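**Student:** the amino acid sequence is not available; the structure is as follows:
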């Protein structure tokens, strides 16, 4: 990199023969990104900071024309001198009439104008969301903020958005970036590349850019798309915004509060700008859930549909999200600027879980009580600079570090207490198995949402009969950290051609340690009963499964107090109840070796691209990117010989190169009609946990996980078409098509294994050879400002994405190889978002619906397609409204999940439920104050 910088300095005089005009478009202190600036037939657009750059061959007098949707056009005569010509801030005024009135007085129209302007003038295929729009929607975290964008859908945890998918593709295929850099990931449940976006408050976001077709200057591991969260930066003038709200969650029957503050200013004659923001959101969420597992590995085709167990789970989670963001910018002069940005967020999730399990094959019922404090934090810091070296040459550079870490709070672990009781079940089929009526040999059985244990009257479950069987203590350290340096050179050899070169170096470190300790009761003494340890009433916060008429009240008995679970794992608790350690994990134990691994991933990326304006209407953008990934995995491998298991250290090299050509074509058919075409090559890296060749056992969820050290990354050749029409007012209509040709697709195969009478699910990642994915998308957005009177405040936002795919899944049946055709796992066929908006004068209201269609969740290769696990369609409805008491004071109300839509998974067909969860409605009311 030092050599590159030296070369730039040496060559700068060579590139000096050009005149450059720069400036910033503003309106009443607000930056106007995406504005059009023209000189005759030559034109450009302002960036996200409202800044524009024009390169001219000649000097002398010229006329600049500035245009921005909803604002009056402005012309400015200047005398161009040799070299750099900085004309400062250009103030634009809102247009006269209804459109200008809505932009000035409305709560969301101004942000929609920004988004439309940026999208319209972008070189690639993208969607944009602006900060002021995020603040007007009932979305408290980053995932929920972007769910309104065309082709985006989300998945939830505890009723809150957590993961984002683009165009219905698997979550891992979409890159989540912070200021252009991929975010690190760390959590207890997942050690893959999915970013837990509920740790990121929406109030810290300035813009969201969704790129559906990448350009060579972007990180290439994003098959689905790249979502870039741009944090707030230094303002043009002093600002102080305060928000406060209080709310309620019906499922947990608890209150919540939310508050944020943003302060920024520009001093030292405008050279120094700074901004600081802070946010806190505390709430209690609740989830009611049931799970049903089936004996799909049973060789008897009929009994493979029998039910092995029913699980009833009640979750109560006290959650707190906090965030701090800071930015500072210093302009040395018109040519050189330096910036620093930093962000810190923390997500605390105090989980209290009570579970009732009914095992029909073994005649056992169990109760599990568990509680833990999940702490996940993220910090990121970046130092960057921009320099205009000559009229033709511009340099950008950035150095950054970030880290995400997961750990347990007090007591530093996740304690779980298991109680069991022998029982008898009524209503079993003649073969002794439990079935749904649709699968039963005699046609007698239960139905969806009414799978009941049917306990025999002779063996009711009770605290006096439930005895302590084991205590499990899980500890975890999981973190991921990055160090980066990137450089970009922009060279404008002529008015029609722009060239860009650059590179980035990324050093990633990953560490996972999850030791597990198991203590058995009843080995050295009599196991205590639940009554002897102590009980408290089952917590019916908001009721348990009331959405399906609370069918399990008769089996919801008093359970162990949550606070007492922690006492069982203390030395005093272990001694009091005669708990015997049967497994204490460490990196040297065969049972725990797979829970320890580290990884290094060093990425060396370079690119070259050009943008050529063939004519006033046609622009071509093309280039090459190359990413070499040096991946080293360090873990443990368990070797079993003659019945004895030993642990051997393992170092695995999984390095590879990614050569990524890209080409974009943009046609401005008219001033309001655009056609875009793109070919890009992208990829998706294998997750570190999938590269771990060891075997880990999750006793809580009865899951065995095996890795695959030979996994390859998935590559995709992408073809995109997008047609856009922009209305004269605020609105647009778009239509697009996309196709992805995939190689080495990674998917997780699932089977089952019986261990001492307990059935475990076994999952293992593998590569498939080839697959394809394609689809269509359409969007319609319109403000009806041309309607008379009351009706001119209405608007709609509609978008729909259809995605289909095909892959062949091999399996063996009767000694013969069979290939089952299937869709790609985790890919939803239908996604749509719909919003009806009313905004006029001081009042704004919006009703928004989000739909995600079914998708294949898990492949059970040996069992076949009839036993695949599917995610069921989900539709949620939210409401938000606000009223401006004064230009500086606004009150608002927000409601989420008005229809209490459940999240469901099913086994082969919808009526054969595997899992269903309900979260109920939540909402809040509050006020927003802009002091200046």
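**Tutor:** Perfect, thanks for sending it. Everything numeric here is computed off the predicted structure, so don't read it as measured data.
**Student:** quick one: average pLDDT of stretch 26-33?
**Tutor:** Mean pLDDT, stretch 26-33: 83.
**Student:** the stretch 401-550 of the chain: helices as residue ranges?
**Tutor:** Listed from the start of the chain, the stretch 401-550 of the chain has helices (DSSP state H, counting those that start in this stretch) covering 530-533.
**Student:** low pLDDT regions in it?
**Tutor:** Residues of the stretch 401-550 of the chain meeting the criterion pLDDT under 70: none.
**Student:** and what of the chain?
**Tutor:** 1-18, 97-110, 131-140, 189-192, 199-200, 585-588, 590-591, 640-643, 695-701, 811-817.
**Student:** residues near residue 495, how many?
**Tutor:** 19 (other C-beta atoms under 10 Å). Any C-beta I mention is one placed from the backbone N, CA and C, and that applies to glycine too.
**Student:** again with residue 177
**Tutor:** 19.
**Student:** so what's it up against?
**Tutor:** Residue 177 makes contact with 183, 219, 226, 227, 228, 229 under the criterion C-beta atoms under 8 Å, 6 or more residues apart in numbering.
**Student:** okay, those in JSON lines with distance to residue 871, secondary structure and neighbour count next?
**Tutor:** Supplementary listing: these in JSON lines, determined by distance: C-beta to C-beta, whole Å; DSSP: H, G, I helix; E, B strand; the rest coil; neighbours: other C-beta atoms under 10 Å:
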{"residue": "183", "distance to residue 871": "24", "secondary structure": "coil", "neighbour count": "24"}
{"residue": "219", "distance to residue 871": "28", "secondary structure": "coil", "neighbour count": "21"}
{"residue": "226", "distance to residue 871": "24", "secondary structure": "strand", "neighbour count": "26"}
{"residue": "227", "distance to residue 871": "21", "secondary structure": "strand", "neighbour count": "27"}
{"residue": "228", "distance to residue 871": "27", "secondary structure": "strand", "neighbour count": "21"}
{"residue": "229", "distance to residue 871": "26", "secondary structure": "strand", "neighbour count": "25"}
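**Student:** among these, which two are most distant?
**Tutor:** 219 and 229 (13.9 Å; C-beta to C-beta).
**Student:** want to throw the contacts of residue 177 into TSV with distance to residue 731?
**Tutor:** Formatted as TSV, the contacts of residue 177 follow (distance: C-beta to C-beta, whole Å):
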residue	distance to residue 731
183	32
219	32
226	26
227	23
228	24
229	25
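**Student:** closest to residue 174 out of the residues you listed?
**Tutor:** When those are compared against residue 174 (criterion: C-beta to C-beta), the nearest one is residue 227, at 6.2 Å.
**Student:** count the neighbours of residue 364 for me.
**Tutor:** Count around residue 364 with other C-beta under 10 Å applied: 17.
**Student:** for it, what are its contacts?
**Tutor:** Counted by C-beta under 8 Å, 6+ apart, residue 364 has contacts 420, 421, 422, 423.
**Student:** strands - which of these land there?
**Tutor:** 420, 421, 422 (DSSP state E).
**Student:** ok, the first one - how many residues close by?
**Tutor:** Using other C-beta under 10 Å as the criterion, residue 420 is surrounded by 22 other residues.
**Student:** with the second one instead?
**Tutor:** The local packing of residue 421 (other C-beta under 10 Å) involves 21 other residues.
**Student:** now do the one 3 residues further on
**Tutor:** One way to gauge burial is a neighbour count; for residue 424, by other C-beta under 10 Å, it gives 12.
**Student:** quick check: closest non-adjacent residue to it.
**Tutor:** Take residue 424 and drop its neighbours on the chain: the residue closest to it by C-beta to C-beta, 6 or more residues apart in numbering is residue 456, 3.8 Å away.
**Student:** report the separation between the one you found and residue 292.
**Tutor:** 20 Å (C-beta to C-beta, to the nearest Å).
**Student:** who has more neighbours, the two?
**Tutor:** The residue with more neighbours, out of residue 456 and residue 292, is residue 292; 22 against 13, by other C-beta under 10 Å.
**Student:** next up, the contacts around that one.
**Tutor:** Contacts of residue 292 by C-beta under 8 Å, 6+ apart are 307, 309, 310, 311, 451, 907, 913, 914, 915.
**Student:** give the bridge partners for it, please.
**Tutor:** Legend: beta-bridge partners of residue 292 under DSSP bridges are residue 310.
**Student:** buried residues in the one helix or strand residue 379 maps to, which are they?
**Tutor:** Using DSSP states H and E, residue 379 sits within strand 364-388. Buried residues in strand 364-388, counted by 16 or more other C-beta atoms under 10 Å: 364-380, 382, 384-388.
**Student:** how far away from the center of its chain is stretch 552-563?
**Tutor:** 34 Å (C-alpha atoms, centre = their mean, to the nearest Å).
**Student:** end to end on it, go ahead and measure it.
**Tutor:** 25 Å (C-alpha to C-alpha, to the nearest Å).
**Student:** and the strands in the stretch 451-600 of the chain?
**Tutor:** 467-474, 477-491, 497-513, 516-520, 580-584, 596-613 (DSSP state E, counting those that start in this stretch).
**Student:** between those, which one is nearest to residue 233?
**Tutor:** Going by C-beta to C-beta, the one of those nearest residue 233 is strand 477-491, 17.7 Å.
**Student:** packing partners for that closest one?
**Tutor:** Secondary-structure packing of strand 477-491 (3 or more C-beta pairs under 8 Å, 6 or more residues apart in numbering; DSSP states H and E): helix 2-11, strand 181-182, strand 393-408, strand 497-513.
**Student:** who are the contact partners of residue 758?
**Tutor:** 362, 702.
**Student:** actually residue 289, sorry about that
**Tutor:** So residue 289 contacts 312, 313, 314, 315, 915, 916, 917, 918 (C-beta under 8 Å, 6+ apart).
**Student:** can you rerun that using 10 Å?
**Tutor:** Residue 289 is in contact with 311-315, 353, 355, 544-545, 902-903, 915-919, counting by C-beta atoms under 10 Å, 6 or more residues apart in numbering.
**Student:** on that earlier part again, which neighbours do residue 219 and residue 229 have in common?
**Tutor:** With C-beta under 10 Å, 6+ apart as the test, residue 219 and residue 229 both reach 177, 180.
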